[in-house]
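Asker: the sequence and its predicted three-dimensional model are supplied below.
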Amino acid sequence: MSITVIGKHEKDARPCRDALALTLKEMMAQDKSICYVDCDLMNCVNTKQLLTAYPDRAFEAGIAEANGAGVSAGMAAAGKTVFFHSFGTFASRRCYDQIYMSAAYAGLTVHVLGSDPGVTAAFNGGTHMPLEDGAMYCSIPEATVLDAADFVQLQSIIRQLPGIKTGVTYTRFPRKDVIQVYGDDSAFTIGKGVTLRESSQDQAAVIASGILVDEALKAQELLAAEGISVRVIDMFTWKPLDEELVLKAAAETGAIVTAENHNVTCGLGSAVANCLAKNRPTVQEFVGVQDRFGQVGPQSFLMDEYGLRAVNIVKAVKRAISRK
């Protein structure tokens with residue numbers, strides 16, 4: 001695993017949906033076992049090109065997510081490597097029982113892709129705003145749960161998923177308008193967190209994922225200007241959690257702040273807290289949606305409304321340090 005952090009806080013001209021579509025198209029050309037199932041969203045996620053290129057391996061299930069999940073499980077039972085996409089809210093709540101029973105419980109691997117998680121659903125509104133999707137998949141035995149930060153990281157994740165042969169996987173990612181965090185030469189390892197900023201003087205560690213990674217980097221810069229040194233970790237794999245890295249950060253800094261585009265009651269913060277409680281009780285603060293439902297609005301408004309900004313991370317770090 002090697003990474004380059006861009007750190008300019010600028011939007012990537014390449015939408016994440018293209019990372020999905022173009023990477024899958026390349027992979028399907030190389031591996032004829034790979035199939036793709038969508039639920040009336042190929043135009044939204046730019047995967048209609050898969051249907052054109054591979055009509056025998058790309059399928060449109062329509063607005064019938066439970067059926068699409070069942071079809072995906074059936075193809076997995078026949079030995080296919082299956083990617084199944086819908087908006088995050090439908091890829092989790094709408095077809096959870098089918099994924100759980102027909103795929104996970106049956107010992108089959110289906111790679112579920114949930115786009116526009118949390119506030120990235122924006123104008124699609126509260127009905128389309130999954131703030132609990134990661135928690136639902138974390139509760140499935142042997143599942144792998146991932147939260148991609150940008151185009152490059154999503155591309156790396158997609159390429160590795162066929163190598164996971166045990167349990168279902170769930171990858172949450174925004175379709176478009178993402179900040180570029182990583183350089184194109186970056187490569188990641190599923191199950192391993194990435195330390196982006198660190199020093200021997202760190203007073204706390206911020207463990208973030210998804211769109212909160214860039215906010216964590218901004219927070220680190222704001223705190224550095226005040227003479228407060230903090231570590232920044234991208235924990236893009238929620239399950240299996242990189243417990244070794246969490247415990248190292250706790251031991252060396254004595255304070256942890258988690259930051260996620262998800263309800264704090266049941267997501268990344270909870271996974272980290274569980275690890276700390278079992279192994280090394282440590283002061284922790286939680287940045288994320290505070291047990292609320294979603295609503296309609298531009299992403300910028302929603303990030304302010306739900307406290308998903310660098311300033312919220314800065315305040316949480318200061319609270320954590322004061323509690324040490």
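Answerer: Received, thanks. Residues are numbered from 1 along each chain as shown.
Asker: ranges for the helices of this structure?
Answerer: Taking DSSP state H as the test, the helices found in the chain are 16-30, 42-45, 48-53, 65-77, 88-89, 96-98, 133-138, 151-160, 212-225, 243-253, 268-279, 299-305, 310-323.
Asker: which one of the ones you listed lies nearest to residue 179?
Answerer: Evaluated over these, closeness to residue 179 peaks at helix 212-225, with 4.2 Å, by Cβ to Cβ. Where you see a C-beta, it was placed from the backbone N, CA and C, and this is true even at glycine.
Asker: buried set for stretch 291-307?
Answerer: Across stretch 291-307, burial judged by 16 or more other Cβ atoms under 10 Å covers 294, 297, 299, 302-303, 306-307.
Asker: what's the mean pLDDT across that stretch?
Answerer: Average pLDDT, stretch 291-307: 96.
Asker: go on, stretch 316-324?
Answerer: Per-residue scores along stretch 316-324 average to 97.
Asker: repeat for stretch 43-54
Answerer: 95.
Asker: got the contact list for it?
Answerer: Residues external to stretch 43-54 that are found in contact with it (Cβ atoms under 8 Å, 6 or more residues apart in numbering): 15, 17-18, 20-21, 24-25, 28-29, 36, 38, 42, 57-60, 85, 115, 175.
Asker: what residues does the closest residue to residue 185 other than its chain neighbours make contact with?
Answerer: Counting by Cβ to Cβ, 6 or more residues apart in numbering, residue 4 is the residue found nearest to residue 185 once chain neighbours are left out, at 5.7 Å. Residue 4 makes contacts with 182-183, 185-186, as judged by Cβ under 8 Å, 6+ apart.
Asker: looking at those, spot the one nearest residue 197.
Answerer: residue 182 (13.6 Å).
Asker: and the closest one, how close does it get to residue 163?
Answerer: Distance check for residue 182 against residue 163: by Cβ to Cβ, to the nearest Å, it reads 20 Å.
Asker: more neighbours: those two, which one.
Answerer: residue 182 (25 against 8; other Cβ atoms under 10 Å).
Asker: could I get the full set of strands for the stretch 101-250 of the chain?
Answerer: Using DSSP state E, counting those that start in this stretch, the strands of the stretch 101-250 of the chain run over residues 110-115, 144-147, 169-173, 194-197, 204-208, 230-234, 237-239.
Asker: residue 258: which of the ones you listed is closest?
Answerer: With Cβ to Cβ as the yardstick, what comes closest out of the strands of the stretch 101-250 of the chain is strand 204-208 (5.0 Å).
Asker: parallel or antiparallel, which strands does that closest one pair with?
Answerer: strand 230-234 (parallel), strand 255-263 (parallel) (DSSP bridges).
Asker: got CSV for those strands, with mean pLDDT and distance to residue 126 too?
Answerer: Listed next are the strands paired with strand 204-208 as CSV, based on pLDDT from 0 to 100; distance: least, Cβ to Cβ, whole Å:
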stretch, mean pLDDT, distance to residue 126
strand 230-234, 98, 28
strand 255-263, 98, 13
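Asker: where in the protein is pLDDT low?
Answerer: Within the chain, no stretch has pLDDT under 70.
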